[in-house]
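Engineer: Can you look at this prediction? I've put the sequence above it.
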Amino acid sequence: MSGGRDRGPDRGRRRGHSLHAFRAILAKDLRVELRTLQSVPAMALFGVTTFVLFRYGLDRTKLSGGLAAGVLLATVLFAAILAINRLFVAERDEGGFDAIRLAPVDGTALGGAKAAALIVYLVVLEAITLPVFALFFLDSWAGLAPVAGVLALADVGLAATGVLVSAIAANSRARDLLVPLVLLPLLIPVMIAAANAAEPLLAAQGPAYGGIGKWVGVLALYDMTFIAVGFAVYDFLLED
Amino acid sequence: MPELASVQRKIEPTTSTAPLAVSVRGLWREFGEVPALRDVALTLHGGETLSVLGPNGAGKTTLLRVLASLLRPTAGEVSVLGCPLPRESWRARGRIGYLGHEPLLYRDLSGAENLRFAAQLHGLQGDATGRIAELLDLVRMSRRADELVRNLSAGMVQRLAVCRALLHQPELLLLDEPRSHLDPEAAALVEPLIGPSPERARVLVTHEIDAGLADADRVLALRAGGAVAYEGLASGLSAGDARAIYGGAP
């Protein structure tokens, strides 16, 4: 890597700086999003519009089980891509990459902060769209709380993978095409595991918990794998 | 008009005894197959100023970005503040102030927010507020500090960029046409901040030949294509010879 792997006290000092940098970048991203409303409103609009289309366009007043889980997760996935495409726009267009590389911080601080910001966006998206989904399609809201837990695990996987792909694509001219092209296949395991975990929770006769442990375990394993991959490569991705 | 032959590559030893701030030997940087810098060598000691002259496409900005550790050399040895690059980039980074063509400021943050963000990245905590206020005052941006950068003029943004580059009190300043966008009054305001100082070395990329030579202890003149035309003491290169490197334009 260009930046070099420092050891000993330097490594510790760098880590300390990187924690400050993580907080600073996350706060900066959330402040800019609050100020400009560039990502979350578009995500929420996409999510609600999709549900409206299902409800009124396809005349589906009830969804349950696998179909309900599929509609919900596909909506979250495509809404997430809207935000993932925009994650590094300011860094690329306004010199943020250079500003961060000129400071004595790990690239991991940037990747971690971007992932945390994306998780915040997804949680806000789900806080808006999940009640709409329940209102339009569910008889019982009893499964919503555990479904929210499954979504939280899926969010971590989406964020860890999304930031990685978005950082790789950031300097490509075809980035809008590259992100979904690379990201969607990588996210298939998350979507399968989350849908299988959510399916019994959205059953027509009320939530059932049998068998979801395996899929929650798969989600957690996926999350940990991509968090570890991110830690290993963010520093390299930032460099020339 | 001097002949080009009179400004052939000429490496002269420095007279300074201060520690080396920059040492470059055999530096090549290529973009794809195209070399932007060819076999560049230079030395710069603490407290000295190196002016980098050359026409468009001579690799001046590329050189600055290599020294800032933003670009890795294709070949050659580069050491900045005693840190070999790119191996020990991190040890040098917090000690370099870089003022390039881009201000490196977020347009949807205010000037003050940008400077606080930069201070956090550099690990400046308690003393950052006072330092930010002092710098904003020196460039007369205190009253506009809370406005979004996107609403400021190019000159005001450049003044904020000067503050950003100086915030962490760097030991080496890398300046790429620092007076661009600045009117004479603003240029005079920032001059004491980015001008020569015994406490830091400077690498100054400029097209203002006379000012560049007057400011400099050493000069690096690059030809279009990135080859070295001259590297040595500023007193060894006349303004006329420097102009010849630009293709003879008076």
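Structural biologist: Looks like it came in fine.

Engineer: shaky segments in the chain?
Structural biologist: Defaulting to chain A. Within chain A, the ranges that satisfy pLDDT under 70 run A:1-16, A:240.

Engineer: actually it's chain B I care about, not the one you picked
Structural biologist: B:1-16, B:247-250.

Engineer: Name the residues of chain B found near chain A, please.
Structural biologist: B:68-72, B:86-91, B:93-94, B:96, B:98, B:100, B:102-109, B:113, B:117-118, B:120-123, B:125, B:164 (C-beta under 8 Å from any C-beta of the partner chain). Just so you know, the C-beta spots here come from the backbone N, C-alpha and C atoms, and that holds for glycine as well.

Engineer: switch the cut-off to 6 Å
Structural biologist: By C-beta under 6 Å from any C-beta of the partner chain, the residues of chain B that approach chain A are B:70-72, B:86-90, B:93-94, B:98, B:102, B:104, B:106-108, B:117, B:120-123.

Engineer: ok, of these, which come out buried?
Structural biologist: Listed as buried from the residues of chain B next to chain A are B:70-72, B:86-90, B:93-94, B:98, B:104, B:106-108, B:117, B:120-123; burial here means 16 or more other C-beta atoms under 10 Å in any protein chain shown.

Engineer: What's the local residue count around the closest residue to A:Phe88 other than its chain neighbours?
Structural biologist: Closest residue to A:Phe88 apart from its sequence neighbours, by C-beta to C-beta, 6 or more residues apart in numbering or on different chains: A:Ala170 at 4.1 Å. Here the number of neighbours of A:Ala170 (other C-beta atoms under 10 Å in any protein chain shown) works out to 18.

Engineer: And B:Gly59, by the same measure?
Structural biologist: Residues near B:Gly59, counting by other C-beta under 10 Å, number 25.

Engineer: Extract the C-alpha set from the longest helix along chain B and format it as PDB.
Structural biologist: Determined from DSSP state H, the single longest helix within chain B is helix B:154-166. The C-alpha coordinates for helix B:154-166 follow below in PDB (Å, rounded to 0.1, in the frame of the first residue of the first chain):
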ATOM      1  CA  ALA B 154     -13.600  31.900  -5.500                       C
ATOM      2  CA  GLY B 155     -11.200  34.300  -3.700                       C
ATOM      3  CA  MET B 156     -12.900  33.700  -0.400                       C
ATOM      4  CA  VAL B 157     -12.800  30.000  -0.900                       C
ATOM      5  CA  GLN B 158      -9.100  30.300  -1.600                       C
ATOM      6  CA  ARG B 159      -8.600  32.200   1.600                       C
ATOM      7  CA  LEU B 160     -10.300  29.400   3.500                       C
ATOM      8  CA  ALA B 161      -8.200  26.900   1.700                       C
ATOM      9  CA  VAL B 162      -5.100  28.700   2.900                       C
ATOM     10  CA  CYS B 163      -6.400  28.400   6.500                       C
ATOM     11  CA  ARG B 164      -7.100  24.700   5.900                       C
ATOM     12  CA  ALA B 165      -3.500  24.100   4.700                       C
ATOM     13  CA  LEU B 166      -2.000  26.000   7.600                       C
END
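
Engineer: other SSEs contacting it?
Structural biologist: In terms of contacts (3 or more C-beta pairs under 6 Å, 6 or more residues apart in numbering or on different chains; DSSP states H and E), helix B:154-166 is packed against strand B:96-99, helix B:111-121, helix B:184-194.

Engineer: Please repeat the previous calculation with a cut-off of 8 Å.
Structural biologist: Using 3 or more C-beta pairs under 8 Å, 6 or more residues apart in numbering or on different chains; DSSP states H and E, the elements in contact with helix B:154-166 are strand B:96-99, helix B:111-121, helix B:128-138, strand B:172-176, helix B:184-194.

Engineer: For the first one, which strands pair with it and how are they oriented?
Structural biologist: Using DSSP bridges, the strands paired with strand B:96-99 are strand B:172-176 (parallel).

Engineer: Show me how far the partner strand is from its chain's centre.
Structural biologist: Its chain's C-alpha centre and that of strand B:172-176 lie 2 Å apart, by C-alpha atoms, centre = their mean, to the nearest Å.

Engineer: Also stretch A:160-178?
Structural biologist: 14 Å.

Engineer: If you count neighbours, what's buried in that stretch?
Structural biologist: Buried residues in stretch A:160-178, counted by 16+ other C-beta under 10 Å: A:160-170, A:175, A:178.

Engineer: out of these, which are inside helices?
Structural biologist: A:Ala160, A:Thr161, A:Gly162, A:Val163, A:Leu164, A:Val165, A:Ser166, A:Ala167, A:Ile168, A:Ala169, A:Arg175, A:Leu178.

Engineer: so the last one sits right up against A:Ala167, yeah?
Structural biologist: No. Taking contacts as C-beta atoms under 8 Å, A:Leu178 lies outside contact range of A:Ala167: 11.4 Å.

Engineer: most centrally placed residue in chain A?
Structural biologist: By C-alpha atoms, centre = their mean, chain A has its centre lying nearest to A:Ala159, at 3.1 Å.

Engineer: And that one, how far from B:Leu237?
Structural biologist: A:Ala159 is 55 Å from B:Leu237, where distance means C-beta to C-beta, to the nearest Å.

Engineer: Over to A:Val179?
Structural biologist: A:Val179 is 50 Å from B:Leu237, by C-beta to C-beta.

Engineer: Which one of these two is surrounded by more residues?
Structural biologist: Between A:Val179 and B:Leu237, counted using other C-beta under 10 Å, the more crowded position is B:Leu237 (27 against 22).

Engineer: Report the contact partners of that one.
Structural biologist: B:Leu237 makes contact with B:Val7, B:Leu213, B:Val219, B:Ala221, B:Tyr230, according to C-beta atoms under 8 Å, 6 or more residues apart in numbering or on different chains.

Engineer: any idea where the helices of chain B begin and end?
Structural biologist: Under DSSP H, chain B gives helices at B:60-67, B:89-93, B:111-121, B:128-138, B:154-166, B:184-194, B:209-215, B:239-245.

Engineer: got the angle between the fifth one and strand B:172-176?
Structural biologist: Right, helix B:154-166. Following axes from the mean of the first three to the mean of the last three C-alpha atoms, to 10 degrees, one obtains 160 degrees for the angle between helix B:154-166 and strand B:172-176.

Engineer: Contacts for helix B:154-166 next, please.
Structural biologist: Helix B:154-166 is contacted by residues A:99, B:97-99, B:103-105, B:111, B:114-115, B:118, B:132, B:135-136, B:139-141, B:144, B:149, B:152, B:173, B:175, B:178, B:180-183, B:186, B:189-190, B:193-194 when judged by C-beta under 8 Å, 6+ apart.

Engineer: quick revisit: turn the helices and strands packed on helix B:154-166 into TSV, including distance to A:Leu125.
Structural biologist: Converted to TSV, these look like this (distance: least, C-beta to C-beta, whole Å):
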stretch	distance to A:Leu125
strand B:96-99	37
helix B:111-121	26
helix B:128-138	34
strand B:172-176	41
helix B:184-194	44
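
Engineer: Pretty sure B:Val40 sits against B:Val22.
Structural biologist: No. Contact criterion C-beta under 8 Å: B:Val40 and B:Val22 do not qualify, at 11.2 Å.

Engineer: Please identify which of these two sits among more neighbours.
Structural biologist: Taking other C-beta under 10 Å, B:Val40 and B:Val22 do not tie; B:Val40 has more neighbours (26 against 20).
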